[in-house]
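> make a model of this:
(chains A and B)
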Amino acid sequence: MNARILVIDDDPALAEMMGIVLRAEEYDVAFCADGARALDAFHAERPDLVLLDVMLPGLDGVEVCSRIREESGVPIIMLTAKTDTIDVVAGLEAGADDYVAKPFNTKELIARIRTRLRPVTRPSSDIVRIGDLELDVVGHEVRRGDTRIGLTPLEFELLLALALKPEQVFTREMLLDQVWGYQYKADTRLVNVHVQRLRAKIEEDPDNPKLVMTVRGVGYRAGS
Amino acid sequence: MHVLRWLDPRGWWRRIARLWRSSLALRTITMTVVLSAVAVVGVGIAIDLSIRQSLLDDRRDQLVTLSQSATVSAQRFFDASAGQPNPDVDAILYEGVRAAATAAATTSDATSYALLPAPGQTLPGEFAELAAPVLDGVVDEVVSPAMRAAVDADTEGRVHSQSTGIPRADGVLSPAIVTGSTVEIQGVRYELYLVYDITDTQQTLSTIQFALAGAGLAIILLIGAVTLLVVRLVVGPVHVAAQTSRRLAAGELDVRLPVKGDDVLATLARSFNGMAESLRGQITRLAELSTVQQRFVSDVSHELRTPLTTIRLAGDVLRDRTDRFDPETARTVELLHTQIQRFEELLSDLLEMSRFDAGAVEMEVDRVNLARLAEDTVAGMTALAESRGSELVLIAEGGHFEAEIDARRIRRIVMNLIGNAIDHGEGRPIEVWVDSDAHAAAIAVRDYGVGIAVEDLERVFDRFWRADPSRQRTTGGSGLGLAISLEDAALHGGWLEAWSAPGEGSCFRLTVPRRRGDVLRGSPLALPPDAESESIARTAPTPTQDAEREGAR
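Prediction:
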């Protein structure tokens, strides 16, 4: 079955064009042009991935993003016309997994979508431990004791990447490559923002992290 | 160190000189006080002299009169005693002189006396001279030889006077007046000197002088105070005006001068305020205009992005199907594709420029090894350079290469410089130099192409300026590259400079301080860099090779 993509963009020409490009890649595509109706469309279509424009009539893209995130961990890629820090960071903090800056080309867009839809790399064992957390790779679940912690697929993958190689210090570039699929230099803020979001969910004290440790000047590694 | 500097007299002198130059009030007050002090002292001296003269003259006249009557009464006593038998001359003399001295006594202090025989006479007794105890042994000091001569020479019995001093026990001279006259006793001429102590007159004079000095000082202080007041009244508003214009110049467009009264200062304040008002109007208008323009550029750039994305996706779709088109359509699609790319570059440069103009740029500063950054950039552009026949050479000597920079921006500058060098390098080698010292790091890109005309050199950083419109351009570029590079360099507190000689090629040198916020004083690289001045061991062409090249021509 083909993956289903919901395109939320108010520009009809761009939306239609993206539809053509995505169908050519054999994705099922659904559209929504209004921020206010985006959530209904999301419920109705149950997409595997959301392409979300930042500038929307009705409801702001950032707001739509955080509402979808409240109920679902579905991959969200923001389409932004502004590469200015504030807009990008606002989108990422609202829960977007990644962003594509306009004007983008077909290759960029498809690469971003494929990375987010690819199956998680299977480690040899089904259960991976990091600190007092237990990662169930098959069930895509994280548990502390009996408590289940809800992570988005991206957050799960980020944590899994760190947990699988506890001795390794990951630079932001390595994580961008492994988790986001960027082979060339990309925006390291992606990593920073998502590490913050991840810590807020799994750390006992996010200001004093024990699981996802910062290695100053280098990057991150799993806490022992 | 600090204390020593304070104690340094030259420092003080400089400080005072600076204060003198900078303070109009100080200058005015000092000059007024000095000039009035000169006047007051002059007047004081004149008054003192005239008072002293009249006081002493009066006293002398009074004493001369007194001495005259004393002489007369002494003479009368001597004449009366002349008739007595067997007179004791010494006793008579003593008594007579005592009587005269008593008659001449003016104050509680006894008048001193001296009776001296006139020279050149035979004395009847053993008498040599008679003097009051005060004058014992000092008669010659108190009565000058000149005065004795004058008294001796006088045959008419007039009284002579002279100012003198009586030595006191502590060695100080008491001011005194001595009068001299002659008396005759039993046919012998004697000189009678009466010495009056005038310390009281001197005291009176001192009191007056003291009062005069006090009055003079008071007048000078008063003049000083009045001047200070006047200077404050006049200089104060000027000072306020100066301060206000400084604040105005610093950008506080709302400051105004207080207008008081209707005098010349009020006029100054009013015109100043008028100027400030019109200045604010102009600046506000320009600022608004500039903001509107910046926002327009920014909005246009943003608005263009959505349709451009659609066009780009459409172009991609067409390009993927080139094999289905006839050659002309295929070529059209290819052109469309490259021009969309160019359009996109132009748009992103335009947006970057508008960010600079709006001052809305953020830097991500890191400690970066500039040599490695240059190496990476060179590696990334070698293929492009080689496709244009240029060899790309990196020349870097070891040193302090770490610098606090925004790597993305510096990389963008270097890529732009190398790109330009490839464009204009005529297929000749391109050198990328990297060097640094303790304070600064520099990257220079040197090409050996046609170079830039001198009159064009200062315009290369202008927006949308092109070296030669007729020249064929292959790598394209927005025309904003160097303008953006210059802004990026300025953001680092760095320099971006150009050198060129027609026919010899050109060189662009970027210099940035190694610590963020430092001020650049010089660059570690020469412009253009050459192997000798950089003392880098390069394989310089040997004379033989040169000769061979000559021969090949």
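> quick one: mean pLDDT for the strand ranked longest in chain B?
Counting residues, the longest strand found in chain B (DSSP state E) is strand B:173-185. The average of the pLDDT scores along strand B:173-185 is 82.
> can you list the strands that whatever helix or strand comes next after that strand pairs with?
Proceeding N to C from strand B:173-185, the next assigned helix or strand is strand B:188-197, under DSSP states H and E. Applying DSSP bridges, strand B:188-197 is found paired with strand B:112-117 (antiparallel), strand B:173-185 (antiparallel).
> next, the angle from whichever helix or strand comes after strand B:188-197 to strand B:173-185.
Using DSSP H and E, the helix or strand that follows strand B:188-197 in sequence is helix B:199-249. Interaxial angle, helix B:199-249 versus strand B:173-185 (axes from the mean of the first three to the mean of the last three Cα atoms, to 10 degrees): 150 degrees.
> would you map out the domains in chain A?
Taking automatic domain parsing as the reference, chain A has its domains at A:4-117, A:127-222.
> between the two ends of the shortest one, how far is it?
Taking Cα to Cα, to the nearest Å, the first and last residues of domain A:127-222 lie 16 Å apart.
> the residue in the stretch 401-550 of chain B that chain A sits nearest to sits in which helix or strand?
Residue nearest to chain A within the stretch 401-550 of chain B (Cβ to the nearest Cβ): B:Arg408, separated by 8.2 Å. The way it works is simple: take the backbone N, C-alpha and C, and place the C-beta from them, glycine included. Per DSSP H and E: B:Arg408 is located in helix B:407-424.
> wait, is B:Val300 part of a strand?
No. Counting by DSSP: H, G, I helix; E, B strand; the rest coil, B:Val300 falls outside a strand, being helix.
> ok, it to chain A distance?
Going from B:Val300 to chain A by Cβ to the nearest Cβ, to the nearest Å gives 12 Å.
> what's the burial count for that residue?
14 (other Cβ atoms under 10 Å in any protein chain shown).
> before we move on, what about B:Val240?
The number of residues packed around B:Val240, counting by other Cβ under 10 Å, is 15.
> that one against B:Leu257, yeah?
Yes. Taking Cβ atoms under 8 Å as the definition, B:Val240 is a contact partner of B:Leu257 at 6.5 Å.
> residues in contact with stretch B:519-532?
Identification of contacts with stretch B:519-532 by Cβ atoms under 8 Å, 6 or more residues apart in numbering or on different chains yields B:395, B:399, B:431, B:433, B:435-437, B:439-444, B:446, B:493-495, B:497, B:499, B:507, B:509, B:511-513, B:533-534, B:538, B:540.
> and that stretch, C-alpha only, in CSV?
C-alpha atoms of stretch B:519-532 as CSV (Å, rounded to 0.1, in the frame of the first residue of the first chain):
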residue,chain,number,x,y,z
VAL,B,519,39.8,45.8,16.1
LEU,B,520,42.0,45.1,13.1
ARG,B,521,45.3,46.9,12.8
GLY,B,522,46.9,45.1,10.0
SER,B,523,46.7,42.0,7.8
PRO,B,524,49.1,39.1,8.0
LEU,B,525,49.1,38.9,4.3
ALA,B,526,50.5,41.4,1.8
LEU,B,527,48.2,42.7,-0.9
PRO,B,528,48.9,41.0,-3.3
PRO,B,529,50.8,38.3,-1.3
ASP,B,530,54.2,37.3,-2.7
ALA,B,531,56.4,34.4,-1.8
GLU,B,532,59.3,36.5,-0.5
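> got the buried residues for it?
Using 16 or more other Cβ atoms under 10 Å in any protein chain shown as the burial criterion, the residues of stretch B:519-532 that qualify are B:520, B:523-529.
> ok, so of those, who is nearest B:Asp57?
B:Leu520 (83.7 Å; Cβ to Cβ).
> check the secondary structure at the closest one for me.
Per three-state DSSP, B:Leu520 ends up coil.
> go on, A:Phe104?
At A:Phe104 the chain is in coil, as set by three-state DSSP.
> strands of chain A, start to end?
A:4-8, A:28-32, A:49-53, A:76-80, A:98-101, A:127-130, A:133-136, A:141-144, A:147-149, A:170-171, A:212-215, A:219-222.
> could you check how sure the model is about stretch B:361-373, as an average pLDDT?
84.
> same question for stretch B:270-289.
Averaging pLDDT along stretch B:270-289 gives 89.
> for it, which positions count as buried?
Residues of stretch B:270-289 classed as buried: B:272-273, B:276, B:280 (neighbour count, 16+ other Cβ under 10 Å).
> and what of stretch B:135-155?
By 16+ other Cβ under 10 Å, the buried positions in stretch B:135-155 come out as B:135, B:139, B:142-143, B:147-148, B:151-152.
> check stretch B:56-70 too.
Judged by neighbour count (16+ other Cβ under 10 Å), stretch B:56-70 contains these buried residues: B:56, B:59-60, B:63-64, B:66-68, B:70.
> kindly report the same for stretch B:403-419.
B:403-407, B:409-419.
> cool, stretch A:133-142 as well?
For stretch A:133-142, the neighbour count (16+ other Cβ under 10 Å) marks A:133-135, A:137, A:142 as buried.
> and the two most separated of those residues?
A:Leu133 and A:Val137 (12.7 Å).
> re earlier: redo the buried residues of stretch B:519-532 as TSV? Include secondary structure and pLDDT.
Listed next are these as TSV, based on DSSP: H, G, I helix; E, B strand; the rest coil; pLDDT from 0 to 100:
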residue	secondary structure	pLDDT
B:Leu520	coil	86
B:Ser523	coil	86
B:Pro524	coil	84
B:Leu525	coil	84
B:Ala526	coil	83
B:Leu527	coil	82
B:Pro528	coil	82
B:Pro529	coil	81
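> which residue ranges of chain A form helices?
Per DSSP state H, chain A has helices spanning A:12-24, A:38-45, A:61-71, A:85-93, A:106-117, A:153-164, A:172-175, A:189-202. These are given in chain order.
> hmm, back to that, can you add mean neighbour count and give the strands paired with strand B:188-197 back as a markdown table?
As requested, the strands paired with strand B:188-197 are exported to a markdown table (neighbours: other Cβ atoms under 10 Å in any protein chain shown):
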| stretch | mean neighbour count |
| --- | --- |
| strand B:112-117 | 22 |
| strand B:173-185 | 21 |
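> in a markdown table: those strands, plus distance to B:Ile45.
What follows is those, written out as a markdown table (distance: least, Cβ to Cβ, whole Å):
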| stretch | distance to B:Ile45 |
| --- | --- |
| strand B:112-117 | 33 |
| strand B:173-185 | 20 |
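> go through these and name the closest to B:Ala453.
Evaluated with Cβ to Cβ, the strands paired with strand B:188-197 place strand B:173-185 nearest to B:Ala453, the distance being 96.3 Å.
> in contact with the residue nearest the centre of chain A, which residues are there?
Residue closest to the mean C-alpha point of chain A, counted by Cα atoms, centre = their mean, is A:Asp97 at 2.1 Å. A:Asp97 makes contact with A:75-77, A:116, A:152, A:154, A:194, according to Cβ under 8 Å, 6+ apart.
> and those, which is closest to chain B?
Looking across the contacts of A:Asp97 and measuring by Cβ to the nearest Cβ, the closest to chain B is A:Ile77, at 13.8 Å.
> for that closest one, list each beta-bridge partner.
As assigned using DSSP bridges, the partners bridged with A:Ile77 are A:Leu51, A:Asp98.
> surely it touches A:Leu49?
Yes. A:Ile77 lies in contact with A:Leu49 (Cβ under 8 Å); the separation is 7.0 Å.
> name the residues contacting each of these two.
A:113, A:116.
> list the buried residues of the least confident helix or strand in chain A by mean pLDDT.
None of the helices or strands of chain A scores lower by mean pLDDT, DSSP states H and E than helix A:85-93, at a mean of 80. Residues A:87-88, A:90-92 are the ones in helix A:85-93 that count as buried (16+ other Cβ under 10 Å).
> near chain A, which residues of chain B?
Contact residues (Cβ under 8 Å from any Cβ of the partner chain) of chain B with chain A: B:302, B:305-314, B:316-317, B:320, B:344, B:347, B:355, B:360, B:362.
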